[in-house]
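Colleague: Would you be able to build a 3D model of this:
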Amino acid sequence: MAAGGRVRFNVGGQVFETTTTTLANAGRDSMLGALLDSSWNVSSSGGGGGGVAEYFIDRNPACFAVLLDLLRTGSLHVPPHLPEKLLYREALYYGLLDHVRAARWGAFDGDRLRLAASVPGRAPGDGTAIRAAPDGGCCVAHGGAVRVYNWMLDERRPVSLDHSQVNDAAYLDAATLLVAARERLGKRDGGMAAFSAASGELRHRFRVAHDRQAKSFTAGALAFDQDASVFASCKGRLNEYGVGVWDRATGEQADFFYEPPGCALGDADRLQWLDAAGALMVATLFPKADNCFIGLLDFRAKDVVWSWSDAGAAASLDDKRVLHAIAMEDERSVCVINQYDDLGFLDLRSGAGGVRWSSRSKLMNRKVPGEESCYPKLATHGGQLFSSMNDSISVFSGPEYVLTSTLRRSHGGAICDFSIGGDRLFALHNEENVFDVWETPPPPII
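Modeller: As a prediction, the model looks like this:
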């Protein structure tokens, strides 16, 4: 079709006319954008007169009108009588979900986040973790199950582990969920497995083998690298303690890093792959361990190439227990946080030196007397640092990580975990497992 040429659609009996320029805004990966490819152009009636190509699509015309207007203007206007879920279903059919999401919320910016939704949990007790999906959905690990939500926040079929305690969960991709679970005594279950995020069905179990014999194990923290590896902290019944490595494509065990003396790798709370360093950060934190350990594992050299521990720290530092850690995006330092919500930094470029503590976050502590508190958590995204503090999340920006924003809602209790992904921030509250969804408003259409 010639650029700027006219195209006519008969959608469910209602006729629409547009141009190839508008269709090009849909992108070649969409159904409408693919019409511009002459090799795909097989549905045209060839009639209509005046050289106007016409296509018949047996779908909802009201939704098509909204989506066509989105391609024309870049903004999304949904009539009050049109159910949004119906529109999203039609957007999926046409391959325009990314356009709808981009119109609903913009690129992630911690200083411009707004509360978009609060989803109440249905399970009693405390949740273990919340994880953001690449496509804007999320999952909540709770007891022996993982509750999964799509980007429209509709709950899908949960992943059930038959009473095995969930330790961690992570999205391998938008369609695949990895779950790490505790081994049950007398049962050869636990470990790590991949499930369909859409149906909750088991896809693959990741095995650990020692001396060519499969071993039962408890899996803890999870991580991925940029290529094809999956990492998990592993704790076996005898001496199988360390970090396991599996090939992402085949699911077969590729390596195992046995924990050296003084490094509790099997009990690690957090794993994080550092791409520039080609190493895996492993953090074993208080209160799971009496002494905190943070190290970088180089699997090529089979060595811990950098480490820090508070073992043997001076008495004046005993009250500063590291509760969470995250490697910064420039991979030059590790940020840690203690029970007083103080931030600290460890220099990865130096093999010596302690934590450089800052009490900036302590000034923003909003703890209410008598209110149950949760351990603080850390995250980074787009050069910003995020820290949960009881019932709020603080945002630090700039090279000096100055406090620039605070995210807080009026109820829900303390935040036990939060996660960033799919251009959204998800915060899981301790009270009834309600989780909040924070989004960045879309830029104005000029």
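
Colleague: Can you check the pLDDT for the most centrally placed residue in the chain?
Modeller: Centroid check for the chain by Cα atoms, centre = their mean gives Ala132 as the closest residue, at 2.9 Å. Note on Ala132: pLDDT of 97.

Colleague: distance of it from Ser75?
Modeller: According to Cβ to Cβ, to the nearest Å, Ala132 stands 26 Å off from Ser75. Any C-beta I mention is one placed from the backbone N, CA and C, and that applies to glycine too.

Colleague: One more: Ala276?
Modeller: With distances taken as Cβ to Cβ, Ala276 is found 39 Å from Ser75.

Colleague: what's the answer for Thr380, then?
Modeller: On the measure of Cβ to Cβ, Thr380 and Ser75 end up 31 Å apart.

Colleague: So for the two, which residue has more residues nearby?
Modeller: Taking neighbours as other Cβ atoms under 10 Å, Thr380 and Ser75 compare with Thr380 leading, 19 against 11.

Colleague: model confidence over the helix or strand harbouring Cys335, on average?
Modeller: Taking DSSP states H and E as the definition, Cys335 sits inside strand 333-338. Confidence for strand 333-338, expressed as mean pLDDT, is 93.

Colleague: Which other helices and strands does it contact?
Modeller: With contacts defined as 3 or more Cβ pairs under 8 Å, 6 or more residues apart in numbering; DSSP states H and E, the packing partners of strand 333-338 are strand 322-327, strand 343-347, strand 378-381.

Colleague: Go again with 10 Å.
Modeller: Counting contacts by 3 or more Cβ pairs under 10 Å, 6 or more residues apart in numbering; DSSP states H and E, strand 333-338 is packed against strand 279-284, strand 293-298, strand 303-309, strand 322-327, strand 343-347, strand 356-358, strand 378-381, strand 384-389.

Colleague: Mind listing the strands the second one pairs with, and their directions?
Modeller: So the one you mean is strand 293-298. Strand 293-298 pairs in its sheet with strand 279-284 (antiparallel), strand 303-309 (antiparallel), by DSSP bridges.

Colleague: Looking at the ones you listed, which one is packed in the most?
Modeller: Mean neighbours per residue, mean count of other Cβ atoms under 10 Å, is largest over the strands paired with strand 293-298 for strand 279-284, with a mean of 25.

Colleague: Just the C-alphas of it, formatted as PDB.
Modeller: Only the C-alpha atoms of strand 279-284 are listed here, as PDB (Å, rounded to 0.1, in the frame of the first residue of the first chain):
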ATOM      1  CA  ALA A 279      29.800 -12.100  39.100                       C
ATOM      2  CA  LEU A 280      26.900 -13.000  41.400                       C
ATOM      3  CA  MET A 281      26.300 -11.000  44.500                       C
ATOM      4  CA  VAL A 282      25.200 -13.200  47.400                       C
ATOM      5  CA  ALA A 283      23.900 -11.700  50.700                       C
ATOM      6  CA  THR A 284      23.100 -13.600  53.800                       C
END
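
Colleague: What ranges in the stretch 101-250 of the chain fall below the confidence cut-off?
Modeller: Applying pLDDT under 70 to the stretch 101-250 of the chain flags the ranges 122-126, 185-189, 239.

Colleague: Please enumerate the strands of it.
Modeller: Secondary structure of the stretch 101-250 of the chain by DSSP state E, counting those that start in this stretch: the strands cover 114-119, 129-132, 138-142, 145-149, 159-160, 166-173, 176-181, 191-196, 202-206, 208-210, 213-215, 217-224, 229-236, 241-247.

Colleague: Show me what the shortest one is in contact with.
Modeller: To tie it back to what came earlier, the one meant is strand 159-160. 139, 141, 143-148, 166, 169, 177, 179, 193, 195-197, 199-202 (Cβ atoms under 10 Å, 6 or more residues apart in numbering).

Colleague: repeat that with 6 Å
Modeller: Residues from elsewhere that reach strand 159-160 (Cβ atoms under 6 Å, 6 or more residues apart in numbering): 145-146, 179, 195, 200.

Colleague: Can you list the strands that it pairs with?
Modeller: strand 145-149 (antiparallel).

Colleague: next one: the last one
Modeller: When sheet partners are counted by DSSP bridges, strand 241-247 sits next to strand 229-236 (antiparallel), strand 253-258 (antiparallel).

Colleague: Which positions in the last one come out as buried?
Modeller: Yep, that's strand 253-258 we're talking about. 253, 256-257 (16 or more other Cβ atoms under 10 Å).

Colleague: roughly how far out does it sit from the chain middle?
Modeller: Its chain's average C-alpha position is 25 Å from that of strand 253-258, according to Cα atoms, centre = their mean, to the nearest Å.

Colleague: Now do it and strand 202-206, the angle between them.
Modeller: For strand 253-258 against strand 202-206, the angle by axes from the mean of the first three to the mean of the last three Cα atoms, to 10 degrees is 50 degrees.
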